[in-house]
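Engineer: got a sequence here, can you model it:
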Amino acid sequence: MAGGIARDIRDGQLKKYLLQPIDMLSYLVAYRVAHKVAYIAMSALPYALLFWLCRDYLPPWPDWGTFAGYVASLFLGFLIGFYFESMIGMIGFWFLEVTSLLYVIGTLTFFFSGQMFPFELLGSPWVEILGAMPFKYMAYFPAMVFLGKVEGPALETELLIQLAWAVVFFVASRWLYRIGLRRYSAYGG
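Structural biologist: Below you'll find the predicted structure:
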């Protein structure tokens, strides 16, 4: 998505959002939500079959309170990922070519979010350092909630911190978009 935003800025396609009464970030979040819903709907049956076949090797299904926390953490993780990526795409207002930078940031985000392996494998002090970053809320934290490793008051506290990061990235992406539009100039038809 960040590459698409940067490409739209560079190629002048951003003007379609400026000429129509559509907010670019609202449109993109709606587009991404629709994509996720379609993906989940299409992959639900194969994943259900896989989980059923591997049920002896997987932990038990969490209780309803933990599952509600898991769903909330997934939604907030989605928002953190979306608005972080949109912030990175806004770099296109200042630089023409950002593909290499996007690749490096994407790779680091993949690592820092805990998608490669659990943070505990790194040991101290890396667990504390990576745990203080917002990226853990994109993948690692929802997985820990689902597995029941974060419960009760700790879950509530972590969800509030995750909400705070989502708000920070939302405000920052809106701010970067607004100041980027001041620099933006498109030519041609």
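Engineer: mind listing what's buried along whatever helix or strand L160 lives in?
Structural biologist: Assigned by DSSP states H and E, L160 falls within helix 152-183. Going by neighbour count (16 or more other Cβ atoms under 10 Å), the buried part of helix 152-183 is 155, 158-159, 161-163, 165-166, 169-170, 173-174, 176-177, 180. All C-beta atoms are positioned from the backbone trio N, CA, C, and that covers glycine.
Engineer: report how many residues lie close to the closest residue to T66 other than its chain neighbours.
Structural biologist: Spatial nearest neighbour of T66, chain neighbours left out: G148 (5.7 Å); criterion: Cβ to Cβ, 6 or more residues apart in numbering. G148 sits with 16 neighbouring residues when counted by other Cβ atoms under 10 Å.
Engineer: helix, strand or coil for G148?
Structural biologist: What DSSP: H, G, I helix; E, B strand; the rest coil gives for G148 is coil.
Engineer: distance-wise, check it relative to D8.
Structural biologist: Shown here: G148 relative to D8, a distance of 42 Å by Cβ to Cβ, to the nearest Å.
Engineer: for F75, give its distance to I161.
Structural biologist: 15 Å.
Engineer: which of the three states applies to A34?
Structural biologist: What three-state DSSP gives for A34 is helix.
Engineer: typed the wrong thing, it's F95
Structural biologist: What three-state DSSP gives for F95 is coil.
Engineer: count the neighbours of it for me.
Structural biologist: By the criterion of other Cβ under 10 Å, F95 has 11 neighbours.
Engineer: do P125 as well
Structural biologist: The number of residues packed around P125, counting by other Cβ under 10 Å, is 8.
Engineer: which residue, other than its chain neighbours, is closest to F169?
Structural biologist: Using Cβ to Cβ, 6+ apart, the nearest residue to F169 is Y83, at 3.7 Å.
Engineer: so what's that neighbour scoring on pLDDT?
Structural biologist: pLDDT recorded at Y83 is 95.
Engineer: with G189 instead?
Structural biologist: pLDDT, G189: 51.
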